[in-house]
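In: Sequence first, predicted model second:
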Amino acid sequence: MQPSRTHGSCRSTTRRWAPLVAVAMVVVFGASCGGDEDAAPTTTAAPTTTAAPTTTAAPTTTAAPTTTAAPTTTAAPTTTAAPATTTAPTTTIAHEPFEAAPADWAWGGVEARFDPGKVFEDMEWGGFLISSGWTPGEEVWVIPCKASYDDFDLANCDYEDRKPKIIDDDGFVPNYYFGPQDVRMFWGAKGWGHGNCILYSNRGPDGEFWSGDEKEVVLCDSGTGEPPARPEAPDMAAPREYDFSATDEFMQGFVDQRGLNGATVIVVDRDDGIVHRANFGEFGPGRISLLGNISETFSVGILMSLYDDGLLDIDAPISDAVSWGTGMPDVTVAQLLSHSSGMLGGPASSWYAPYQCANSYTDSLQECGEEIVNTPDDDADLVPPDTEFRWPATGADAQVAGAIAEAVSGKSWAELVDETWVRPCGMDTLAYKNPWNEFTLDPVTWGYLSEFAGDPSTLSTTDNPSIQGGAYATADDLAALVLMHLRNGMCGDQQVLSAEAIDLMTEDRIARVYDGTNVDFFGNAWGFGMGWTTNRATGWTGNGGIWASGITIDRDAGFGAVVLLEATFQESQALGSSEVFSDSVRDAVMAARG
């Protein structure tokens, strides 16, 4: 039994190779896999880089963070000291560069300044908003308010357009550049208007704005008035103290033993947010990395957002959504997203000609989706949907799903990324391109595409982004994604996905629907939902990347972790099969909870 086909166009282009973006079917930190002897040395060689990793515990209250004990490695990660209380400047606002918020408009030892100068190449508009004195790793909201110091009122703050930011290791809100539209909206023409303010707030332990228990600062472009009275801070329990020294010791040893250029580790807690971050080697805050097949989790979230909005029925035939879907009349979006559509998968699909457009940055997403669905050249290799787990290494099934998302929404993939993730979750770096025929992949090691060098401009602009493996982002973007899943679809107080969507993504769909199994290249058996792999022995859910990066969540226990690496598939397997790392994370979280 094979789906009927209608003949579509097949373009011939020169392509050097097809990516193995889907081979890393490994749950990072999967504790049941064994094999940790190689990945967890008992002694640690001296690091191969000169930059010592920094480790930051990030409590969610205004109390100074507890520093993490240095791991017992040769090159111990240096803990970040609790930020000193900063006395806010006492100057009143005048129209000069680096305007500072007055001292009586800042609470909790933080400050904010605005430099309205010429800050971007030859453009005359824009400016940097800079706020300091925060706890590294905590989440802070940047909220525009239409007011001045003379008439400031919280009722005039636009909470719907707030921007969540993760504090860097120096206690700063990342320099926040306003594009021309933002400048006109909040600061007037050429970046300097009248009657506009910005409220920075970490919301405090009670999770509420302006309740007296949070660090806050108000920065306005005009006025000299007195600040409104804040409520008295409520009594709150002492923050939890986390000790991830064992996690850092393991990761330092992993980086050193394997000669890697570095790593970033972030641990998040459903209630406390980011509770730990450590950078190793040359990695630091804001580093941009290609994600490979971890892109899939972001991509599935976009499809599920359309499902939540009623624009897409993931269990209906794709022909209900797009006219060209008649080439696969029995296939649904849920089957595409769970690699159960019947398309060819596994090693044989890596350089499979009928699916090669998925790796071409010169095509369009609509053309590629239609071509994959309607080509007759794969008919002999198809099986009925929901009968076998088959992951096309080119990401062909995801490419079809992405094309459907564009069609039903009437928006480009870039626009969908922006409205689903970038704006509500503050993922300012996250974007997609199609690197697979621009850079050179080592077919033996499947090593990281180092030509990217953390610079998105090295990749061509494309209308055919790789939905399966073309995203790039920072570790903080991944941490926001993990935390959103732990909070049932919430980014801050914005509902990005429904709890039902999160359930569908993280369940073991292939077991429920057709008793399927996801067997990786090493013979390990896993479950799979949509964008997430399931460790059936431990219950952990994760996505292990081709280049050893990984994300994992324990929804029942309410915590998760991010590892950002730029390595090879061999390191991905070694880290993914290590009990030492996963146990160290779990032990630290449970110990902090008492």
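Out: Everything's here; your move. Note that the structure is predicted; figures quoted are calculated from it, not measured. Numbering: from 1, shown residues only.

In: Quick one: residues in contact with stretch 526-538.
Out: For stretch 526-538, the external contacting residues (CB atoms under 8 Å, 6 or more residues apart in numbering) are 25-27, 30-33, 296-297, 299-301, 304, 334, 337-339, 389, 504-511, 516-520, 525, 540-544, 582. Quick note: C-beta positions are derived from backbone N, CA and C, even for glycine.

In: For the protein, which residues score under the pLDDT cut-off?
Out: The model of the chain has pLDDT under 70 over residues 1-98, 115-128, 174-195, 236, 521-522.

In: What are the structural domain limits within it?
Out: 99-220, 267-593 (automatic domain parsing).

In: picking that back up, whichever of the contacts of stretch 526-538 end up buried, select them in PyMOL.
Out: The buried residues among the contacts of stretch 526-538 can be selected in PyMOL (16 or more other CB atoms under 10 Å) with this line:
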select buried, resi 25+26+27+30+31+33+296+297+299+300+301+304+334+337+338+339+389+504+505+506+507+508+509+510+511+516+518+520+540+541+542+543+544+582
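
In: Show me the contacts of stretch 526-538 that map onto strands.
Out: Of the contacts of stretch 526-538, the ones assigned to strands by DSSP state E are Asn518, Val519, Ala525, Thr541, Gly542, Asn543, Gly544.

In: Let me see the contact set for the third one.
Out: Under the criterion of CB under 8 Å, 6+ apart, the contact list for Ala525 reads Thr517, Asn518, Val519, Arg536.

In: Dump these to TSV, plus distance to Ile318.
Out: Listed next are the contacts of Ala525 as TSV, based on distance: CB to CB, whole Å:
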residue	distance to Ile318
Thr517	25
Asn518	22
Val519	26
Arg536	29
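
In: Return the member of those nearest to Thr247.
Out: Checking those against Thr247 by CB to CB gives Arg536 as the nearest, at 24.4 Å.

In: Identify the residue spatially nearest to the residue nearest the centre of the chain, adjacent ones excluded.
Out: Among the residues of the chain, the one closest to the centroid is Leu478, at 2.4 Å (CA atoms, centre = their mean). Using CB to CB, 6 or more residues apart in numbering and skipping residues adjacent in sequence, the residue nearest Leu478 is Val562, 4.4 Å away.

In: In contact with the one you found, which residues?
Out: Thr264, Val265, Ile266, Val267, Val268, Ala475, Leu478, Ala479, Val482, Ser549, Gly550, Ile551.

In: and what of Asp309?
Out: Counting by CB under 8 Å, 6+ apart, Asp309 touches no other residue.

In: Just to be sure, Val268 is in a strand?
Out: Yes. Counting by DSSP: H, G, I helix; E, B strand; the rest coil, Val268 is found in a strand.

In: Distance to Val383 added to the ones in strands among the contacts of stretch 526-538, as JSON lines?
Out: Formatted as JSON lines, those follow (distance: CB to CB, whole Å):
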{"residue": "Asn518", "distance to Val383": "16"}
{"residue": "Val519", "distance to Val383": "15"}
{"residue": "Ala525", "distance to Val383": "19"}
{"residue": "Thr541", "distance to Val383": "26"}
{"residue": "Gly542", "distance to Val383": "27"}
{"residue": "Asn543", "distance to Val383": "25"}
{"residue": "Gly544", "distance to Val383": "26"}
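
In: So which of those is the closest to Glu282?
Out: Comparing these against Glu282 with CB to CB places Gly544 closest, at 22.5 Å.

In: Thought Ser572 was touching that closest one, still the case?
Out: Yes. If you go by CB atoms under 8 Å, Gly544 and Ser572 touch, sitting 5.7 Å apart.

In: Any idea what Leu219 is bridged to?
Out: On the basis of DSSP bridges, Leu219 takes part in beta bridges with Ile198.

In: So it sits against Cys197, correct?
Out: Yes. Leu219 lies in contact with Cys197 (CB under 8 Å); the separation is 6.4 Å.

In: Distance-wise, check Asp397 relative to Pro239.
Out: Asp397 sits 44 Å away from Pro239, going by CB to CB, to the nearest Å.

In: who has more neighbours, those two?
Out: Asp397 (29 against 21; other CB atoms under 10 Å).

In: Now do the helix or strand hosting that one: which elements does it pack against?
Out: Using DSSP states H and E, Asp397 falls within helix 396-409. Helix 396-409 is packed against helix 295-308, helix 333-337, helix 365-374, helix 413-417, with contacts defined by 3 or more CB pairs under 8 Å, 6 or more residues apart in numbering; DSSP states H and E.

In: between those, which one is nearest to Asp315?
Out: For Asp315, the closest of the helices and strands packed on helix 396-409 is helix 333-337, at 5.5 Å, according to CB to CB.

In: and the closest one, how far from the chain's centre?
Out: Distance of helix 333-337 from its chain centroid, counting by CA atoms, centre = their mean, to the nearest Å, is 22 Å.

In: which of the ones in strands among the contacts of stretch 526-538 lies closest to Leu486?
Out: The closest of the ones in strands among the contacts of stretch 526-538 to Leu486 turns out to be Thr541 (CB to CB; 10.5 Å).
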